[in-house]
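the following comprises the amino acid sequence and a computationally predicted model.
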Amino acid sequence: MTADRPHDTGTTTDIGSTTDIGTTGNTGMTSDMGTAGGDAGTASDLGTTGNTDTTSNTGTTSDVGSHDGDAPGAGVLGRAHRALTLGIISVVSLVAFEAIAVNTAMPVAARALHGIGLYAFAFSSCFTAGLFAMALAGEWSDRRGPLAPLFAGIAAFGVGLLVAGGAQSMGMFVVGRGVQGIGSGLVVVSLYVVVGGAYPERLRPSIMAAFSAAWVMPVIVGPLVAGTVTEQLGWRWVFLSIPVLILLPLAVMLPALRSLPRTRPGPGNGVRQILGNRRCLLALAVAVGACLLQYAGQHPVWLALLPAAAGLALLVPGIVRLLPRGTFRAARGLPTVVLMRGLAAGSLVAAESFVPLMLVTQRGLSATLAGLSLTGGGLTWALGSYAQSRPRLEPYRERLMGLGMVLLAAAIVTVPLALLDGVPSWIVAAAWTVGGFGMGLNISSGGVLLLKLSRPEEAGSNSASLQMSDALGNVTFVGISGVLFVAFGGGSIAADGPADAAAAGGASHPAAFAAVFAAMAVVAVAGAGVAGRLRPGQG
């Protein structure tokens, strides 16, 4: 859960940019609410007002807690909404913390389970499952209300954490991460639908800003806490401790959730009809296709051509139908906005997924220090988002998106310099602060441009396409990175790090990491290259 990030934190100038809360990913710089990417757009696509209302400038964060009760001036922390607001923000914060903690604990977990070769699968399984779950939650909430998918998502998220934390093999760990992805995908969409039904229109921008702000503290303390737990108690407790923590915020907001209007299932709203919805089936086809392609790429034998062909047959038609026409040829205007979001989100998530593993196995850093190398990027993401919201920069919106991609490409290119002897490891943290600022410029500007280029009746479906592009970018480029990593020998990195690898006669395989970062830098450069097609026009 892109999917979801702290951009636009503290700003109220352009609430439209908050539609991208938590969009891409898995480490607090991305996403989304874990792996699924915050799906305000999907919620809006359900026929709710969860997304389009965020474009309003009438309700700002100044409303937060301004008064009590149901009076017209009451804010999201007023008596009528306080419990629900605190419960929602607590759940978002815990999901955000888990997303950030995973990057810190993952290198240790993969080595302990002797599963470095499946390292990328531990991320992509979460993204692919979340992609399907977002579409499922949208249809489910639209037909039967948000409560059932919300509670199902929280339960699945907790079960996935328990499975991953108790895994005795990397295969079981990957399964647990997939269940987590289903849970986070259901939760994020359902929460946005809850917001649309529980908060008046004037308060929705404020609660959306609160969603974004809920990522700030996890970005700051997440790597340190997760690293300390990993080193002192073991990596398993990073996963096993969170399910218990979710129970309290769930209990706090339960009375408010029960008071929401109930949607009675109609004759055409059964489980079969929901699962058989066209968008759900397309998302499922894309998820399965991506898994088959990644599996084939990591098993370079002739028989792997069969799952590769099946994966392409499922993936390509599904992606084409889920995104606006002209996206893959960078048609001017809206299609290029959607394309750039996928390129930005996917290249960032794929690159940063391998940063902690590189620092732990190639530079011998602790899990804590490796995780902290990404913290600065989360903070500068918020700074970049704030910068792009300044009114005087509005005429340069397209250039800001292009500049953001250039800064991201520069950051990704700089990271593998840490593989060279004599280059200090802190260069990674410095590079990621630059990349985070670039993402703040790009992601938030993309949300503003999308709403600017959308007719009112298309704002919801176009926003859903934007979020889907984030998720597809994560799935595609993390999968490609995993294939490259294994192809260049990364799967044989010794379980005990570079020193023990050398003692055992193995190699540290810096080329595997260099290949990943080089490929993702090319993706970011490609995104910068199409920035000139953001303005509508001919061609």
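Thanks, I have the structure now.

every contact and neighbour count from this point should use C-alpha atoms.
Will do.

let me know whether V229 touches L240 as I believe.
No - judged on CA atoms under 8 Å, V229 makes no contact with L240 at a distance of 11.2 Å.

quick one, what contacts L186?
By CA atoms under 8 Å, 6 or more residues apart in numbering, L186 lies in contact with 130, 133-134, 136-137, 149-150, 152-154.

taking those residues one by one, which sit in helices?
The helices, defined by DSSP state H, take in 130, 133-134, 136-137, 149-150, 152-154 from these.

show me the two of those that sit farthest apart.
Farthest apart among the ones in helices among the contacts of L186 by CA to CA are L136 and I154. That separation is 14.7 Å.

can you count the residues close to R258?
If you count neighbours by other CA atoms under 10 Å, R258 ends up with 10.

just the buried positions in stretch 292-311, please.
For stretch 292-311, the buried set under the neighbour-count rule, 16 or more other CA atoms under 10 Å, comprises 292-298, 304, 307-308, 311.

and which of those is nearest to P335?
G311 (24.4 Å).

grab the nearest non-local neighbour of that closest one.
In space, and not counting its chain neighbours, G311 is closest to G289: 3.7 Å by CA to CA, 6 or more residues apart in numbering.

that neighbour reaches A309, doesn't it?
No - applying CA under 8 Å as the test, G289 and A309 come out as separate, 9.1 Å apart.

how about residues contacting stretch 530-539?
330-334, 336-337, 340, 398-399, 401-402.

does A331 count as helix, strand or coil?
What DSSP: H, G, I helix; E, B strand; the rest coil gives for A331 is coil.

and L379, how many residues sit next to it?
25.

next, the contact list for it, please.
6, 216, 219-220, 433, 436.

do me a favour and average the pLDDT over the helix or strand L86 falls within.
Assigned by DSSP states H and E, L86 falls within helix 82-112. Mean per-residue pLDDT for helix 82-112: 82.

also stretch 285-293?
Averaging pLDDT along stretch 285-293 yields 80.

just stretch 454-466 next, same as before
Here stretch 454-466 scores 65 as its mean pLDDT.

now stretch 373-390
Mean predicted lDDT for stretch 373-390 stands at 82.

list the buried ones in it?
Buried-residue list, stretch 373-390, by 16+ other CA under 10 Å: 373-389.

CA atoms only: put it into CSV for me.
Presented in CSV, the C-alpha positions along stretch 373-390 are these (Å, rounded to 0.1, in the frame of the first residue of the first chain):
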residue,chain,number,x,y,z
SER,A,373,19.1,5.9,5.4
LEU,A,374,15.6,6.2,3.9
THR,A,375,14.2,8.5,6.6
GLY,A,376,15.4,11.8,5.2
GLY,A,377,13.6,11.0,1.9
GLY,A,378,10.3,10.7,3.7
LEU,A,379,10.8,14.1,5.3
THR,A,380,11.9,15.9,2.1
TRP,A,381,8.9,14.3,0.4
ALA,A,382,6.7,16.4,2.6
LEU,A,383,8.9,19.4,2.0
GLY,A,384,8.7,18.9,-1.8
SER,A,385,4.9,18.6,-1.6
TYR,A,386,4.7,21.7,0.4
ALA,A,387,6.9,23.6,-2.1
GLN,A,388,4.8,22.6,-5.1
SER,A,389,1.6,23.9,-3.4
ARG,A,390,2.8,27.5,-3.4
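
and that stretch, how far from the chain's centre?
Relative to its chain's centre, stretch 373-390 lies at 16 Å (CA atoms, centre = their mean, to the nearest Å).
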